[in-house]
Structures are given as C-alpha cells and as structure tokens.
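*Asks:* I would like the atomic coordinates for the input below:
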Amino acid sequence: SIDAAVVIFFSDKADMYRLSLIESEYKWISSTQLSKEYSHPRRQSFILGKGCSQYTVNKQLVGSGKVTNFPDLSNRFSTEPVTEDFFKSYKKLYDKLSLYMNSDSDFHKFISHKKIEIDYLSQTTLNRILFCYFLQKIGFLGAEIDMDINQGDTKFLRNKFEKINSSGENFYNDFLEYLFYDGLDKDNTNSDNYVSSLKCKIPFMGGTLFNPLHNYDWRNEFLVIPNDFFSNEDRTGILDIFDNYNFTVDETQDHDIDVAVDPEMLGKILEKLLPENISKGHGATYTPREIVNYLCKTSLYNFLVSKFNKTDEKTIIKELIFAPDIRYEAKKLQNRKCFKELFADIHHTLGDFKSDEGIKVLDPAVGSGAFSIGMLNNLSCVYSRISANCEKNLYLLKKSILSKMIYGVDTMPIAIESCRLRAWLSLLTSMPTDNIQPLPNLNFKFICGDSLITLTENEEDLFSMDNNLEATLLDLMKKYFKTNSPDRKAKLEKNYTNL
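*Replies:* Numbering: from 1, shown residues only. Modelled structure (predicted):
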C-alpha cells in the first residue's frame, strides 16, 4: 500500500496548480496490533503557476540537491525553512529601516516630537506593507473605475513602484501615504471606493492599522524613504524581498498546509521580532502550531465538559472539538439532527452573541496572538459545526467572537499591534470577496498593560467604587468596536480613557 505520494493538483479552469506531498499512516490500536484504518491525509503544497514566485520551490526542492531519503523530502515540503528564511530577510529590512529612520533628520524630529519608539514605527510601516500584500493577493487593490473592487491587480505594489520610480517621484511620500491614508483609512464608499488621488479603487479597511500615527499630518509633513529601500539592483529592497514569496490568505489547517507566507506564519515572525526576543540573539522559541491548536482544543473541551459531564455528552463534545474537518464533514448534518438539543445547549453556554453572557478567553501575555487567534479559529469551527446559521458567514461569525469573547494583554506595544494585525488578517481571510467590509477596532480588545500587577492593600477595585462603571465601559467598547467614523472613534476613546 502507498502511505505517501507527490501529487500535482490542477484544473483546466485555473492558472495555478499545487505540487503536493501527501502523507497518511496506519493507526496503532495497541502496542502489538496495527489498524488498517488510515489517518486523515496530511497535504503540504507549493503553489505554482501564473503570477506565483518560484523562489521558495527552487530553493527548497532544486537548490538543496538530490533528495536522499523520505525525511529529507518531507523537510523540503515543510514550512519551517521558508519561515526561517522569511524571518531573516524581514529582520534585515526591519534593521535597515530602523537605522534609516533614526538617522534621517525629518524622521528623527518626528519620532522625538511624537515620542514614538523606532522599532514601533519601522515595524508598523512593514506591517502595513505586508497587509497590502495579502490584500493584493485577493485582488482588492487597484481595480479600475468600471470594475468590481475584487478585480484588482495582484502585482499592484510592484507595478505602481515601477511607474512612480520611472517618473522620479518618491514611492513612500507620493504613493504609499496616499494608499494608506487617502485609500485604506478613508471611507470612500460614496464614490464606490474609487480614490481619485490613486486613480483606482481601494477598499476602506477601517480598524486602526492605517490610522496616521499620533495625528501625523501626512498632507503637510513630508517624511521620505528613498526608493532604493523598496527596490534596487541588488534585489534587497522591501518589495524585492516580499516579491520572492507567495502569500496565501488560506487559514492554515494541520492537515492542509501551503508552503507560503500565511497569517499563521506571520505570527511566528512577529513573535521573533518582539524586542525581548531579539535581545536573546536567537528569537523566540515559538510554540508549534500543532501544540497551540491542541492547547486551544483542550481548553475548550475542558470548559464544555465542566458544564456537560455525562459520559455520552463528553464523547460527543470530544468529537465536536477534536475531529478533523475531513472526517466530521460527512456526519455534520446527521449530528446536528441527532444532537439538536445538546448542540443548542452548547451554543447557549458558549454564548449566543445577543448578550454579554458566555465564554471569555483572556491571554495575559498575548505576544503576537498565537493562542488568541487559535481560540478564535477553534471557536469558529465549533459554532459552524453546531449551527447552520453560523456556518453561512464565517466573517461575521469571527467578528462576533472577537467582539464578545477574545481579549489579550501584553506589556509591549509592538506585541499588541502584532496581535491586532493577526486578528485583522484572520478576518480578512474569511471575508467574502464580493462584499468587502471595514475591519473592527481592536484597541479595547488587545491592550497594553501588565496583567501580573495586583492591587495593594490601600487600593480599591474601581468597579466596587462605581456600580455602573462596568456597564458603561462595556457599552463604550461595543460602540467603539464597530464604529467607522474617525471623529466618533476619537470621542469614544476619549470618553473611555476619562472613565
């Protein structure tokens, strides 16, 4: 029998195809007995074809020489080499940009006046460009005035750079700032998302990722990053490096993995870039996705069986949470019918989104958000399995879960920004391409603070001093989460801070 194969998946209707390594294995049912039942297949794939970079596949499959054995082949289809390669490249860009911003007189004045940390500003700049790479991958950037917004240019940033660079303009000051602030951070829905300054359609993304930092007056202040920081003859610019890699917006599953830069991989890289991890000299020891996923599933399972502790209920809940999609899908409709009453009770226990009751997930040292986003994905999976209504719109489901259930704290501002970026990317991957919507504001969901500090004997709990404070704060948080108006957002934030 065959338990592994290299397979090409293609369609006559698609320009891209997959070169995949598929593995499956027998299951041991005891120390001496082998079951003939296969585990669900695990697929690791390179995405190839029109518009796809060949850099990673050439480096891992061709550049590493002849395959010596199966473990060697399996390693070449792994995401670990591309993660490490991308991190090293990203780190060089981060260091180079930080050094420039600190040495350039205009940037130095801006940083000093606004009291912004260099690492925060440089990484925010790179994060914004990275987010744009995911947007252009979906086709959300650069659609012409008579086209749907999802029919944009998948090479939008590169094509714009070539045009701007040849005209002698500055890519950052004359284009990126307009893209960030006049396009992605501005509600242009009245003009069908057409941005006249860019002569194309750009979606309004909402959130706070593209807000001008510290009220930066981008139209009248001039911060310039030389064009060769983005592309140069040595191919070491930001666009040069990012163009080497394929970006995928598919949320990675344990059993189906693209060897490309995805939101989950980006979480690893951002974790390694946190200042406390850089100071160690080797980056963070990032918890593998399989372990994060297991921790999330186990936490969710333990929560539910504490409420439903009958033996048959535990069995059903275990399969509900732990069964892989490929196995659960076949019996999903049958399970909804057979366990309708239990599923309704589980839905009520987790939360129905109509009230503030239900499960709450807090990560007290959130980092780049691995556990928080893992819980977001696992909760989404459970809701989709028990409810047909929840399954219909994954974007709205994830947005509701973020709004009601997920929270994170960290002492480092850049960690909080990284976590918010991961949450926004998770929403982006689930957004219908024909109905792009503004992202929520996450300032009060993931906050900078120290979760280990306790009240001293002389300090009083704020909520015990004012019985209405908690309800008032929750109301402000709900309104802030979904507002798109900059003025409304600023007013709500001020009111919250004053309280």
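*Asks:* Please read off the pLDDT at L379 from the model.
*Replies:* At L379, the pLDDT value in this model is 96.
*Asks:* Tell me which residues touch it, please.
*Replies:* L300, L350, I359, V361, I401, M405 (CB atoms under 8 Å, 6 or more residues apart in numbering). Every C-beta, even on glycine, is put in place using the N, C-alpha and C of the backbone.
*Asks:* How about the third one: what's its closest non-neighbour residue?
*Replies:* In space, and not counting its chain neighbours, I359 is closest to L350: 5.2 Å by CB to CB, 6 or more residues apart in numbering.
*Asks:* Now for that neighbour: which residues touch it?
*Replies:* L304, G358, I359, L379, V382, Y383.
*Asks:* So N75 is in contact with V82, correct?
*Replies:* No: using CB atoms under 8 Å, N75 makes no contact with V82, being 11.4 Å away.
*Asks:* following the helix or strand bottoming out on mean pLDDT in the chain, which helix or strand shows up next?
*Replies:* Of all helical and strand segments in the chain, the minimum by mean pLDDT, DSSP states H and E falls on strand 34-38, at a mean of 49. Using DSSP states H and E, the helix or strand that follows strand 34-38 in sequence is strand 42-49.
*Asks:* Could you list the low-confidence segments of the stretch 51-200 of the chain?
*Replies:* Across the stretch 51-200 of the chain, nothing is flagged by pLDDT under 70.
*Asks:* Can you show me the strands along the stretch 351-499 of the chain?
*Replies:* 361-363, 406-410, 446-448 (DSSP state E, counting those that start in this stretch).
*Asks:* Point out the most buried one among the ones you listed.
*Replies:* strand 406-410 (a mean of 22; mean count of other CB atoms under 10 Å).
*Asks:* quick check: mean pLDDT across that one?
*Replies:* pLDDT averaged over strand 406-410 gives 95.
*Asks:* tell me what that strand is packed against?
*Replies:* Secondary-structure packing of strand 406-410 (3 or more CB pairs under 8 Å, 6 or more residues apart in numbering; DSSP states H and E): strand 361-363, helix 370-386, helix 413-430, strand 446-448.
*Asks:* before we move on, the earlier item: between the strands of the stretch 351-499 of the chain, which one is closest to N227.
*Replies:* Ranking those by distance to N227, with CB to CB as the measure, places strand 446-448 first at 34.1 Å.
*Asks:* Now the phi/psi pair for F230, please.
*Replies:* When read as degrees, to the nearest 10, the backbone of F230 gives phi -100, psi -30.
*Asks:* list the contacts for it?
*Replies:* Taking CB under 8 Å, 6+ apart, we find F230 in contact with F161, F171, Y172, G237, I238, L239, D240.
*Asks:* what do you get for S64?
*Replies:* Contact analysis of S64 by CB under 8 Å, 6+ apart lists R76.
*Asks:* I'd like to know how far it sits from L462.
*Replies:* According to CB to CB, to the nearest Å, S64 and L462 sit 58 Å apart.
*Asks:* quick revisit: reformat the contacts of L350 as CSV; add distance to S368.
*Replies:* Listed next are the contacts of L350 as CSV, based on distance: CB to CB, whole Å:
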residue, distance to S368
L304, 27
G358, 26
I359, 22
L379, 19
V382, 24
Y383, 24
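*Asks:* In those residues, which has the lowest confidence score?
*Replies:* G358 (90).
*Asks:* measure it to F303 for me?
*Replies:* Taken as CB to CB, the span from G358 to F303 is 11 Å.
*Asks:* one step back: from the contacts of L379, which two are the most distant?
*Replies:* L300 and I401 (12.0 Å).
*Asks:* how about the helices in the stretch 51-200 of the chain?
*Replies:* Using DSSP state H, counting those that start in this stretch, the helices assigned to the stretch 51-200 of the chain run over residues 55-57, 70-76, 80-103, 105-114, 118-138, 156-166, 171, 177.
*Asks:* Please work out which of the ones you listed is packed deepest.
*Replies:* Comparing the helices of the stretch 51-200 of the chain by mean neighbour count (mean count of other CB under 10 Å), helix 171 comes out on top with a mean of 26.
*Asks:* State the distance from Y17 to A5.
*Replies:* Taken as CB to CB, the span from Y17 to A5 is 16 Å.
*Asks:* So the two - more neighbours on which side?
*Replies:* Y17 (17 against 11; other CB atoms under 10 Å).
*Asks:* Chain neighbours aside, what residue packs nearest to the more buried one?
*Replies:* Leaving aside its chain neighbours, Y17 sits nearest to F10 (3.8 Å; criterion: CB to CB, 6+ apart).
*Asks:* Now for the one you found, how many residues are close by?
*Replies:* 13.
*Asks:* Check Y245 too.
*Replies:* Other residues near Y245 come to 19 when the count uses other CB under 10 Å.
*Asks:* Equivalent analysis for the one 4 residues further on, please.
*Replies:* Burial of V249, expressed as a neighbour count using other CB under 10 Å, amounts to 19.
*Asks:* Excluding covalently adjacent residues, which one is nearest to it?
*Replies:* T429 (4.5 Å).
*Asks:* correct me, but the one you found touches P263?
*Replies:* Yes: judged on CB under 8 Å, T429 makes contact with P263 at a distance of 6.3 Å.
*Asks:* Compare the two (neighbour count), which wins?
*Replies:* P263 (25 against 21).
*Asks:* Now do the more buried one against K340, distance only.
*Replies:* Here P263 is placed at a distance of 34 Å from K340 (CB to CB).
*Asks:* next one: R385
*Replies:* R385 sits 13 Å away from K340, going by CB to CB.
*Asks:* Then S105?
*Replies:* Distance of S105 to K340, computed by CB to CB: 68 Å.
*Asks:* K272 too?
*Replies:* For K272, the distance to K340 - CB to CB - is 46 Å.
*Asks:* Those two: who's more crowded?
*Replies:* For K272 and K340, the more surrounded residue by other CB under 10 Å is K272, and the numbers stand at 22 against 11.
*Asks:* can I assume that one is in contact with F87?
*Replies:* Yes: counting by CB under 8 Å, K272 does reach F87; the two are 5.6 Å apart.
*Asks:* pLDDT at Q33, what is it?
*Replies:* Q33 is given a pLDDT of 57.
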